[in-house]
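[1] only geometry, no sequence info:
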């Protein structure tokens with residue numbers, strides 16, 4: 001009877017959340033998963049020395065962990081978790097209430113009685129910060145600040161760290177000293193993550209594989225047109241073809257990992273299991289010896305259903321004198337771990353998993369071959385759905401594996417050394433999702449993102465050729481481009497996935513691209529000020545009812561001077577998310593026979609922003625600083641800023657005849673950061689005709 005070689009590949013990945021120009025992390029999830037998952041997932045193996053595994057570590061994730069561990073990383077979520085509750089502003093209180101319940105309700109929130117109590121209070125207030133204020137006093141908010149963080153602490157520290165145990169045992173009525181201790185413990189945990197992997201890798205119990213540095217989809221970087229092979233007739237953006245970028249992402253990854261683990265990784269989990277002949281060729285050239293993807297890709301490669309007999313064996317891809325070994329994940333069993341076993345008794349789940357593996361392997365074993373069983377999935381996202389973060393399930397599973405003489409849990413390299421591969425002369429281009437690239441390209445939002453990436457890439461190429469960009473700024477622009485090439489932005493674009501943080505992902509992607517232009521000394525396109533996501537705040541547009549001729553003084557001198565003006569009012573309550581400010585409260589407009597008058601009211605002082613007005617027939621900028629407005633451009637605009645911004649725009653200057661209509665888009669910028677845009681989509685039509693005479 002043959003052997004069953006069980007290869008777990010835990011993929012550890014979070015997007016790159018840092019805005020390089022602002023030097024701040026915009027979302028907290030690398031930190032939160034480092035507290036909850038990364039350390040404990042490898043440390044648990046100390047109890048099971050016969051269980052060997054592969055951990056795929058994404059370099060850009062490790063770089064973030066290193067910054068947090070060194071105390072050099074900041075994110076607004078942590079800053080507000082540590083701020084004294086008595087000092088939280090009204091806006092900050094709303095932020096805490098909105099975001100500090102982002103945890104699995106039954107597994108993470110209800111596990112802690114006080115956290116559940118706070119959650120019920122928030123739900124009773126219909127998740128409305130104003131309604132919740134009577135319940136959430138400063139002491140109550142401090143309990144939320146504490147428990148929203150402690151709930152993410154790894155089981156290892158909840159059980160074995162005396163200070164963490166004491167904080168959890170206290171349960172409520174936390175103090176400022178408790179907040180400080182909680183922050184200190186976070187840094188301590190972060191500092192233990194990377195050394196744990198280094199220790200287990202040096203001992204040989206784990207193999208560390210890697211992914212392209214910023215987690216890009218390599219086949220699409222090489223050539224976006226490859227998507228039509230996987231899905232014929234899919235709508236595609238203009239062709240993006242930069243195989244050297246794909247190569248650089250791999251070279252950078254390999255060098256980073258070699259520096260961290262004292263040897264270059266030989267294994268590659270390509271981002272999202274995305275493969276193509278061109279991508280595999282580059283990986284093979286650079287020294288990677290094995291790679292992996294999904295057995296749905298194997299099915300399309302073989303032109304027949306890849307059952308267990310085909311999936312549970314390794315392959316060697318050979319083409320044009322290059323070769324690399326390949327394994328194909330058992331899609332079904334990997335998904336059972338990811339999505340199903342969390343709803344089962346952990347002991348029954350472990351028994352079912354191994355029972356299915358033995359059953360699936362039987363035909364291969366009966367033919368005289370060993371079975372290599374690849375189980376590949378996220379090593380972080382599933383566990384919040386499990387009891388005790390999945391530790392009970394994993395301990396039972398590893399115990400059963402250790403006691404089974406036929407099942408051997410090996411690293412991928414260990415298993416490949418024991419099983420002869422079958423040949424492949426071609427790989428079907430696809431990913432681990434439906435063996436195509438539809439999640440990342442083809443939908444309207446995805447394609448808009450690729451178009452903007454292409455424009456930024458071309459701008460970089462053309463500007464750098466001129467040789468006038470300082471090297472430091474060229475490197476910054478290049479880094480921002482590499483970040484923007486990551487898969488995570490398009491994961492959230494399109495119809496497939498939902499997150500409360502989608503607007504932040506959208507803003508961060510556009511900010512990275514805007515930073516490319518800024519670093520190159522170029523003006524970012526106005527398109528980057530508008531969301532790629534098809535979400536918008538509610539708006540009210542009321543047309544003018546009379547001609548106006550207000551005095552321009554930057555003040556609301558009289559209610560009557562803007563009486564009769566048209567109004568475009570944004571209701572930001574339903575769409576405002578952290579990082580996406582709705583700075584403009586409303587726009588008023590009207591005309592006389594010669595001029596268009598525009599007034600902007602702001603939610604907060606607008607000092608330090610630049611507002612770009614695009615009338616289709618004329619463009620200009622208004623820069624606001626120290627209660628003053630300065631106009632620049634080809635249109636002779638008169639502008640004054642005080643409490644509001646008031647402008648007089650000659651109709652002739654924007655080539656609009658008296659009685660005609662103007663189409664307007666405006667965008668608000670602060671440095672390289674797009675703050676706001678009106679309207680969120682399309683154009684705002686401003687009528688200058690006498691009321692009652694507007695053309696139908």
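    Nice, thanks for sending it over. As the structure is a prediction and not an experimental result, all values here were calculated from the model.
[2] Show the subsequent helix or strand relative to the helix or strand bottoming out on mean pLDDT in the chain.
    Using mean pLDDT, DSSP states H and E, the weakest-scoring helix or strand in the chain turns out to be strand 538-542, at a mean of 69. Using DSSP states H and E, the helix or strand that follows strand 538-542 in sequence is strand 566-571.
[3] ok, that following strand: who's next to it in the sheet?
    Using DSSP bridges, the strands paired with strand 566-571 are strand 538-542 (antiparallel), strand 584-591 (antiparallel).
[4] What residues of the longest one count as buried?
    Along strand 584-591, these residues count as buried under the neighbour rule (16 or more other Cβ atoms under 10 Å): 584, 586-591. For the C-beta atoms, the positions are set from N, CA and C on the backbone; glycine is no exception.
[5] and what of stretch 639-648?
    639-641, 644-648.
[6] what does stretch 300-316 give?
    300-301, 306, 308, 310-315.
[7] Identify the residues contacting that stretch?
    Contacts to stretch 300-316, defined as Cβ atoms under 8 Å, 6 or more residues apart in numbering, come from residues 230, 295-296, 298-299, 323-330, 360-361, 363-364, 367, 369, 371-374, 415-416, 419-424, 426-428, 430, 435.
[8] Keep only those of the residues you listed that are in strands.
    323-329, 371-374, 422-424 (DSSP state E).
[9] Now a PyMOL select for only the buried ones of those.
    Typed into PyMOL, the next command selects the buried ones out of the ones in strands among the contacts of stretch 300-316 (criterion: 16+ other Cβ under 10 Å):
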select buried, resi 323+324+325+326+327+328+329+371+372+373+374+424
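[10] Return the member of the ones in strands among the contacts of stretch 300-316 nearest to residue 112.
    Nearest to residue 112 among the ones in strands among the contacts of stretch 300-316: residue 329, at 35.0 Å, using Cβ to Cβ.
[11] Secondary structure element holding the residue lying closest to residue 451 once chain neighbours are set aside?
    Closest residue in space to residue 451, ignoring its immediate chain neighbours: residue 237 at 4.8 Å, by Cβ to Cβ, 6 or more residues apart in numbering. If you go by DSSP H and E, residue 237 is not part of any helix or strand.
[12] mind checking pLDDT for residue 237?
    Turning to residue 237, the model gives it a pLDDT of 97.
[13] How about residue 494?
    Value listed for residue 494 in the pLDDT field: 86.
[14] a helix runs through it, doesn't it?
    No - according to DSSP: H, G, I helix; E, B strand; the rest coil, the state of residue 494 is coil, so it is not within a helix.
[15] pretty sure residue 635 is touching residue 651, no?
    No - counting by Cβ atoms under 8 Å, residue 635 does not reach residue 651; the two are 10.5 Å apart.
[16] circling back to that earlier point, is it true that the residue nearest to residue 451 touches residue 224?
    Yes - if you go by Cβ under 8 Å, residue 237 and residue 224 touch, sitting 6.7 Å apart.
[17] and for these two, which residues touch both?
    Counting by Cβ under 8 Å, 6+ apart, the residues touching both residue 237 and residue 224 are 441, 450.
[18] In terms of neighbours, single out the busier of the two.
    residue 224 (25 against 19; other Cβ atoms under 10 Å).
[19] which ones are touching that one?
    236-237, 239-241, 441, 450.
[20] just for the protein, where's the confidence low?
    535-539, 559, 571-582, 672-674, 680-682, 690-696 (pLDDT under 70).
[21] just to revisit the earlier point, contacting residues around the residue nearest to residue 451?
    224, 441, 447-448, 450-451, 454.
[22] what domains does the record give for this structure?
    Domain ranges of the chain: 4-13+205-424, 444-529, 538-687, per automatic domain parsing.
[23] okay, now the closest residue to residue 502 other than its chain neighbours: neighbour count?
    In space, and not counting its chain neighbours, residue 502 is closest to residue 492: 4.9 Å by Cβ to Cβ, 6+ apart. Neighbour count for residue 492, taken as other Cβ under 10 Å: 24.
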